[in-house]
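Visitor: Build me a structure from this.
(2 chains)
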Amino acid sequence: MRVAILAHPEPEPDLTNQYISVKGVGSEITLEGEFPVIEVERLTKYYGRLAAIHDVNFRVESGEIVGFLGPNGAGKTTTMRILTCFSPASAGTARILGMDVREHSLGIRKKLGYLPENVPLYDWMRVKGYLDFVARAKGVPAAQRPGELERVANEAGVDQVMGRIIRTLSKGYRQRVGLAQALIGDPPILILDEPTIGLDPRQIREIRQLIKGFSQNRTVILSTHILPEVSQICDRVIIINRGSIVAEDTPANLIRSEGKATRSQIVVRRPESEVRELLSGLPGVLSLQVQTPSSQDETSLTVEAAPDIDIRPVLARAVTEKGWDLLELRALHASLEDVFIDLVTQESEAEVAGDETSGKEAAA
Amino acid sequence: MTGWYAVFRKEVAHFFVSPIAYSIIAIFTVISGFFFWANISMLSILSLQAASNPMYAQRINLTNVVIRPVAGTMSIVLLLLMPLITMRLFAEEKRSGTMELIQTYPIGDMGVLAGKFLASLFVLAVMLAATGCFPLFLIILGKPDPGTLIGCYLGLLLMGAAFMALGAFISSLTENQIVAAVVSFGVALLLWVISYLSSFSGEAAGAVLKQLSILERLESFQKGVLSLGDISYFVLFSAFFLFLTLRSLEVHRWRG
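Guide: Presented below is the predicted three-dimensional model:
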C-alpha cells in the first residue's frame, strides 16, 4: 500500500482552491486564508495499550508562537512527532495548512522545520557539509543552495563555525546548527522540541532571542518545561498533562483565570495573634500565612482570597478601623508556575480518583 | 524519491570520511590478492608437472586453477565483510536519533532506503574495481576466458547486492550495530550453506533448499553461465529484503 503511494509522486494539494494563498517569495511568505495553520482534532496515539495522548484538540493560527507546556512524559513530543509526519496517529486528525498529515505527508514536510529533542546531528560532518545535505534533502534547487546556506547560517548565528566538525561544537552551537537545519527551505512553520534544554543561562537567552527573531513571519510551536520561557516568548500556551490538554490561553489570561486564589501581602504593627484573629474573620479570606521576618511588633502575612474579589480594600478598612498601623499592603501576582503546578496536580488528583474506579471496572 | 541523492552522497561521504571503507577495501584486496598470487604460483608448479603428463595438462588452465578458485574465495571474503558495511546503515541513525529527523524531510522512506542501499552498492563496486588488476594481469599474460571473468564479477556483484539488502533490513531492525552485523552474517552464512542439507533431507525439500542456496547460484556464474534463473534469484532476493526494510522503517515510525 505504502509502496504504491510512494512510487507515484504524491499529488500536492491545490492550494488555490482551498482558500489559502501563499504570497511573496523567500523569507516573506505569509499565509492567508480561512485555515488555521495547525488544526488538531481528537488526536490519539497509543503505544501498545498505553495512550500517550488522548483526544487532543487545538488550533494554531498563522504567525502565533505557541508554547507546549507539560511535565516530562505528558505527550508533548508525541504530538510534535505526529505534526511533523514522523509518526502516524492512532486516531483523530491533524491538518497543517489544510493538508491532512496522513494524505499529504510529503507536501507538509516541505512546509515544516523540525528540531527534535536532544538535537540529533551527524557528528562526523562539518557544519557546512551538514547544512548542504539538509538543503539537498529538502529539495532546495542547486542554484539557490549557497545563498540559502548563507541565509540560515546568519539567521541561526553559525556563520563562524561553518568549517568546524559538528562533534567539536559546544552544546550551544549544536543547538544553533539544529535550528539552522530547521530553517533551511524557509518553512512557514517551525516545530521545536525543547529548544533550550541542557543549555546554560546565557545560551538559553541567546536561543530565545533567535527563536523570537525567527518568529517574525512564521508560526512556531515549541515545547518546554521551563516556565519563564513561555511567558517570555509565547503568545499562547497549551498546557498538556498525561496526554490531555488541561488549559489553553495566553500566559496572562491563564494566570488570571486559572489561579485558584489571589494573594496579597500585608504588614501590620501589631502582634501576630491579634492580626490573625481579625483577618481570618473577614469575608473572602481563604487562608493566612505568616512571613518569616516578622519582628516583635510587626506582623507580615500573606492573605489568600477568593479569585473573584479584590481583598485589598477590605483588609485596609479592617485594619484602619481598628486603629492599627498599616505598614504595607500589596498584591502578589501569581506566576505561571503556580498555575502550572495547580493544573498538573489537580489533574493528577482527579486521575488518581479516576484510576481507582476504572481499576474496579477493569477487574469486574 | 527525489531526495535519495542527498542521502546517497551523505552515506558515501560517511564511508570515505571515516576509515570504514578504506579498511574494508584494503582487507578485501589484500586477502584476494594473496589468494590470486597463491593460485598463480600453483598454476606455474602444476604447469611444470603437466609438461611430462599430457593427459593432466588438458585440465590445467587459467579458468580452473586461478579464476574460479579465486572468485570463490572472494565471495567468502565478501560474505565476511558485507555485514560490516551494512551494520550501521540504519542502526546508527536510529540510535543517534537522526533517523527521526531524516524521516521528517520531504524525502520518503523509499528515497532514504534507495540512497543508503545504493551507497553501500557503491562501496561494493569500489571493492570489486580494486581487484580489477587481477583480470588485467591475466589478460596481459595469458588468454583467460572472458565469459568466465564477466560471470565471476557479475556473480560477486549480484551476491553482494543481495547481502546488502539483507544487511540493510537487519540493520533497520535494531539500534545496535554489533547485533546487526552478527545477525546479518549468520543469516547470510545459513543461506550460503543451506544446500548442504539437501543431501539429507527428502527429495522435495532437498530440491527447494538447493534452489534457495546462494552457493549453488554462485557456482553457475563462476562457470560463465548467465541464466535468467540465477540472475532473478539475486534480484528477487534483494527486492524482497528491500521491501521488508521499507516495512521495518514504517514500523519505526509507528513506534516513534
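Visitor: Distance of A:R95 relative to A:I82?
Guide: The gap separating A:R95 from A:I82 is 11 Å, by C-beta to C-beta, to the nearest Å. C-beta coordinates here come from the backbone N, C-alpha and C atoms, glycine included.
Visitor: between these two, what contacts are shared?
Guide: Residues touching both A:R95 and A:I82 (C-beta atoms under 8 Å, 6 or more residues apart in numbering or on different chains) are A:V101.
Visitor: From the neighbour counts alone, determine which of those two ranks first.
Guide: Higher neighbour count among A:R95 and A:I82: A:I82, with 26 against 21, using other C-beta atoms under 10 Å in any protein chain shown.
Visitor: Tell me which residues touch the residue in the stretch 201-350 of chain A positioned nearest to chain B, please.
Guide: At 13.8 Å from chain B, A:I221 is the closest residue in the stretch 201-350 of chain A, using C-beta to the nearest C-beta. Going by C-beta under 8 Å, 6+ apart, A:I221 touches A:38, A:60, A:66, A:68, A:80, A:83, A:189-192.
Visitor: What about chain B: which of those residues touch it?
Guide: For chain B, no contacts are drawn from these by C-beta under 8 Å from any C-beta of the partner chain.
Visitor: Neighbour-wise, give me the winner out of the residues you listed.
Guide: The member of the contacts of A:I221 surrounded by the most neighbours (other C-beta under 10 Å) is A:F68, with 27 neighbours in all.
Visitor: So what are the sheet partners of the helix or strand containing A:R263 and their directions?
Guide: Taking DSSP states H and E as the definition, A:R263 sits inside strand A:262-269. Sheet pairing for strand A:262-269, assigned by DSSP bridges, gives strand A:298-305 (antiparallel), strand A:325-332 (antiparallel).
Visitor: and it, what's its mean pLDDT?
Guide: Averaged across strand A:262-269, the pLDDT comes to 84.
Visitor: All the helices of chain A, in order from the start?
Guide: In chain A, the segments counted as helices under DSSP state H are A:2-7, A:76-83, A:105-111, A:127-137, A:145-156, A:171-183, A:201-214, A:227-233, A:251-258, A:272-280, A:312-321, A:336-363.
Visitor: For chain B, which segments count as helices?
Guide: For chain B, the helices defined by DSSP H occupy B:4-17, B:20-50, B:54-57, B:62, B:68-86, B:88-96, B:98-102, B:109-130, B:133-141, B:146-173, B:177-193, B:203-212, B:214-222, B:228-255.
Visitor: What angle do helix B:109-130 and the first one make with each other?
Guide: So that's helix B:4-17. 40 degrees (axes from the mean of the first three to the mean of the last three C-alpha atoms, to 10 degrees).
Visitor: residue contacts, the most centrally placed residue in chain B?
Guide: Closest to where the C-alpha atoms of chain B average out (C-alpha atoms, centre = their mean) is B:G160, at 1.8 Å. B:G160 sits next to B:78, B:82, B:121, B:124, B:127-128 when contact means C-beta under 8 Å, 6+ apart.
Visitor: Identify, from those, the entry nearest to chain A.
Guide: Out of the contacts of B:G160, the member with the shortest distance to chain A (by C-beta to the nearest C-beta) is B:L121, at 19.6 Å.
Visitor: any idea of the pLDDT on residue 211?
Guide: By default, I'm working from chain A. Predicted confidence (pLDDT) for A:I211: 87.
Visitor: Not quite, go with chain B.
Guide: As predicted, B:Q211 sits at a pLDDT of 83.
Visitor: Tell me how many other residues crowd it.
Guide: Neighbours of B:Q211 (other C-beta under 10 Å): 14.
Visitor: what about residue 135, how many residues close to it?
Guide: Because you didn't say which chain, this covers chain A. Neighbours around A:A135, by other C-beta under 10 Å: 22.
Visitor: look at chain B instead
Guide: B:P135 has 19 neighbours, counted by other C-beta under 10 Å.
Visitor: B:S199 now?
Guide: The tally of other residues near B:S199 (other C-beta under 10 Å) stands at 9.
Visitor: again with A:L315
Guide: Using other C-beta under 10 Å, A:L315 has 23 other residues around it.
Visitor: How about B:Y153?
Guide: B:Y153 has 18 neighbouring residues, counting by other C-beta under 10 Å.
Visitor: doesn't B:L128 make contact with it?
Guide: Yes - the criterion here is C-beta atoms under 8 Å, and B:Y153 meets it with B:L128 at 6.3 Å.
Visitor: Next step: the contacts of A:I221 restricted to strands.
Guide: Within those, residues falling in strands by DSSP state E are A:38, A:60, A:66, A:68, A:189-192.
Visitor: can you redo the residues you listed as JSON lines with pLDDT and distance to A:R164?
Guide: JSON lines is the format used below for the ones in strands among the contacts of A:I221 (pLDDT from 0 to 100; distance: C-beta to C-beta, whole Å):
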{"residue": "A:I38", "pLDDT": "92", "distance to A:R164": "35"}
{"residue": "A:V60", "pLDDT": "92", "distance to A:R164": "35"}
{"residue": "A:V66", "pLDDT": "92", "distance to A:R164": "33"}
{"residue": "A:F68", "pLDDT": "89", "distance to A:R164": "32"}
{"residue": "A:I189", "pLDDT": "94", "distance to A:R164": "29"}
{"residue": "A:L190", "pLDDT": "94", "distance to A:R164": "24"}
{"residue": "A:I191", "pLDDT": "94", "distance to A:R164": "26"}
{"residue": "A:L192", "pLDDT": "93", "distance to A:R164": "23"}
